[in-house]
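> this is a predicted model, with the sequence first.
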Amino acid sequence: GVVSMPACGQSVAGTLTVGSRPDGVGVNPITGKIYVANLQSNTVSVIDEAANTTSTVNVGNGPDAVAVNPVTNTVYVANDTDGTVSVINGATDTVTATVTVGANPQAVAVDTAEDAVYVANYTSGTVSVIGGSPKTSPPPPDAVPTPHPLALDTRHNTHLFADPGPAAPYGARGGTTILL
């Protein structure tokens, strides 16, 4: 299930039942919707705080990570098992596209300024870019051998990766990979 806690408190505000093995969570701060990737049920639970409802969207196999573009009201779900990203229209909560990326996508991040989505593909050791006009290229495949967590620092035009291997986290700025 999903546990809700006030940002400044220590007590649990409530719990909701979602699909099997909830894994990734994304929030649209404008609409108040919460998107939960359910790894074993191949679904995304949509929690609408304003309407106090929960619905389900079928996505690809092994949904693992969620990112939301609040500007376009679009949700991106990395499907680890089948190497795809499901694109969900946040207004209708329906899948509008399925994009093939690298092997085992396990992290996804949105750059709202460029309307670009970055997907870390763990097994293939690549980063896929969906849409937009990225100002920088992701690092070459050999620079980040097994990218997993992924974040964007748009202020400094930097892509941040963590490699679960023996190396330290990486950062890519302007297409150049640097060790953080």
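Now that the structure is in, tell me what you want to look at. Numbers count the residues shown, from 1 in each chain.
> helix or strand for Ala65, which one?
For Ala65, the enclosing helix or strand under DSSP states H and E is strand 63-69.
> what average pLDDT does that strand get?
Confidence over strand 63-69, taken as the mean pLDDT, stands at 94.
> contact partners of it?
Applying C-beta atoms under 8 Å, 6 or more residues apart in numbering, the external contacts of strand 63-69 come out as 23-28, 35-39, 42-44, 74-80, 86, 90, 105-110, 112, 115, 117. Quick note: C-beta positions are derived from backbone N, CA and C, even for glycine.
> now intersect the residues you listed with the strands, please.
Judged by DSSP state E, those include 23-28, 35-38, 43-44, 74-79, 86, 105-110, 117 as members of strands.
> can you point out the buried residues in the strand holding Ala65?
Pro63, Asp64, Ala65, Val66, Ala67, Val68, Asn69 (16 or more other C-beta atoms under 10 Å).
> who does it pair up with?
Under the criterion DSSP bridges, strand 63-69 sits next to strand 74-79 (antiparallel) in its sheet.
> now what about the strand it pairs with, what contacts it?
Strand 74-79 is contacted from outside by 24, 26, 28, 35, 37, 42, 44, 59-69, 85-90, 101, 105-108, 110, 117, 119, 130, using C-beta under 8 Å, 6+ apart.
> that strand to strand 105-111, inter-axis angle?
Here strand 74-79 runs at an angle of 160 degrees relative to strand 105-111 (axes from the mean of the first three to the mean of the last three C-alpha atoms, to 10 degrees).
> where in this structure is pLDDT low?
In the predicted model, the chain carries pLDDT under 70 at residues 1-14, 132-180.
> which parts of it are helices?
Read by DSSP state H, the chain holds no helices at all.
> find the nearest non-adjacent residue to Thr68, please.
Rather than Thr, residue 68 is Val. Closest residue in space to Val68, ignoring its immediate chain neighbours: Gly26 at 4.3 Å, by C-beta to C-beta, 6 or more residues apart in numbering.
> I'd guessed the one you found sits against Ile47; true?
No - between Gly26 and Ile47 there is no contact under C-beta atoms under 8 Å: 10.9 Å.
> the two: who's more crowded?
Neighbours of Gly26 and Ile47, each counted by other C-beta atoms under 10 Å, are more numerous for Gly26; the result is 23 against 20.
> taking the buried residues of strand 63-69 together, which two end up most distant?
Spatially, the most separated pair among those is Asp64 and Asn69, at 18.3 Å (C-beta to C-beta).
> any idea what Pro63 is bridged to?
Assigned bridge partners for Pro63, using DSSP bridges, are Asn79.
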